[in-house]
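Asks: here is a sequence together with a model predicted from it:
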Amino acid sequence: MQLNKALLTAALLLASTATAALAQKEIPKAEGHDQCPLGYVNTLGTTCVSPIYYEVAPTNGEACKEGWMNIGAGYCKKKKGPFGIL
């Protein structure tokens with residue numbers, strides 16, 4: 001329960017400090033996938049959206065490049081920050 005509270009607080013803090021770098025990002029669903037990758041919301045159409053800008057690339061069935069992480073649904077996200085999570 002405490003972890004959920006901490007995550008919610010962090011998400012609200014991040015949302016309240018939105019800048020141009022945190023603009024909404026829309027990506028197409030990867031070919032052969034009906035779900036969206038981690039961090040994205042399904043629009044129930046052919047796209048996925050996120051309130052946070054992520055640098056993503058389709059996997060095209062291959063492993064993610066070095067410095068990128070698999071976020072599922074056919075996409076990789078570029079690692080950023082000291083822990084590679086943001």
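Replies: Arrived safely, thanks for sending. Numbers count the residues shown, from 1 in each chain.
Asks: what segments of the protein are helices?
Replies: 2-16 (DSSP state H).
Asks: just for it, where's the confidence low?
Replies: 1-24, 83-86 (pLDDT under 70).
Asks: one more time with 90
Replies: Where the chain drops to pLDDT under 90, the residues are 1-25, 51-54, 79-86.
Asks: for this structure, what spans make up the strands?
Replies: 25-28, 41-42, 47-50, 56-58, 68-72, 75-78 (DSSP state E).
Asks: redo those as JSON lines? Include mean neighbour count and distance to Gln35.
Replies: Heads up, the C-betas are built off the backbone N, CA and C, glycines and all. Supplementary listing: the strands of the chain in JSON lines, determined by neighbours: other CB atoms under 10 Å; distance: least, CB to CB, whole Å:
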{"stretch": "strand 25-28", "mean neighbour count": "14", "distance to Gln35": "12"}
{"stretch": "strand 41-42", "mean neighbour count": "12", "distance to Gln35": "7"}
{"stretch": "strand 47-50", "mean neighbour count": "17", "distance to Gln35": "8"}
{"stretch": "strand 56-58", "mean neighbour count": "17", "distance to Gln35": "14"}
{"stretch": "strand 68-72", "mean neighbour count": "16", "distance to Gln35": "7"}
{"stretch": "strand 75-78", "mean neighbour count": "21", "distance to Gln35": "10"}
